[in-house]
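# sequence and predicted model, in that order:
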Amino acid sequence: MTFSELLSLIFTGNNIAFAGAALAATLACMGSAKAVGLVGEASAGLVSEDPSKFGKALLLQALPATQGIYGFITAFLILFKMGVFSGSISTLTIAQGAYFFVAALPIAVVGYVSAVKQGKVSVAGVSLLSKRPKEVGKAMTSAAMVEAFAIFALLVSLLMILFS
């Protein structure tokens, strides 16, 4: 088998689309995992001093987990459009596979970055919660502002996939 034959077996439309789905889920989930971990570390210190603040800290910790969910939804929709769940996978051209790959990029990239940034804002919110527990709404609002950009990226990815 020649190198060019090997490449043509690897770089198929289906494999490129699968790579896009994997990238959407992987990067968005990596960002969420990193962010949830950062907020969890900050929350552990707060809760060790005042266990009654666990619920409020948990809300701040849960916020950056949504980007991972958005990446998962995007990956699921790509796989659905490919026919993976119906048992008859479509054979995609390289252009079709590349289209799904590109459609996955907004939530993959923005999902990762916004999750990490939202985690940092949520860590600051945990600090605010330690000094002013009644201001948890302000802390959540600040973290939710970062979420808006992940939602915009999700919408772009989903619209591209749905109207493919």
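Yep, it's here. Note that the structure is predicted; figures quoted are calculated from it, not measured.
# please, which helix or strand holds the residue nearest the centre of the chain?
Closest to where the C-alpha atoms of the chain average out (C-alpha atoms, centre = their mean) is Ala28, at 2.7 Å. If you go by DSSP states H and E, Ala28 is part of helix 13-49.
# distance between that helix and the chain's centre?
For helix 13-49, the distance from its own C-alpha centre to the chain's C-alpha centre is 7 Å (C-alpha atoms, centre = their mean, to the nearest Å).
# buried residues in the following helix or strand past that helix?
Downstream of helix 13-49, the first helix or strand assigned by DSSP H and E is helix 54-62. Neighbour counts over helix 54-62 (16 or more other C-beta atoms under 10 Å) mark 56-57, 59-61 as buried. Where C-beta positions appear, they are placed from N, C-alpha and C, glycine not excepted.
# can you list the residues that contact the next helix or strand after helix 54-62?
Downstream of helix 54-62, the next assigned helix or strand under DSSP H and E is helix 66-82. Contact with helix 66-82 is made by 14, 17-18, 20-22, 24-29, 31-33, 35, 85, 89-90, 92, 100, 103-104, 107-108, 111-112, 114-115, 118, 147, 150-151, 153-154, 157-158, 161-162, 164, as judged by C-beta atoms under 8 Å, 6 or more residues apart in numbering.
# starting at the chain centroid, how far to helix 66-82?
9 Å.
# flag every buried residue along it.
66-75, 77-79, 81-82.
# over to stretch 102-120?
Going by neighbour count (16+ other C-beta under 10 Å), the buried part of stretch 102-120 is 103-120.
# what about these, which are in strands?
For those, not one is inside strands, with DSSP state E as the criterion.
# how close does Ala148 get to Phe80?
As judged by C-beta to C-beta, to the nearest Å, Ala148 and Phe80 stand 26 Å apart.
# do the same with Leu154
16 Å.
# many thanks, have a good one.
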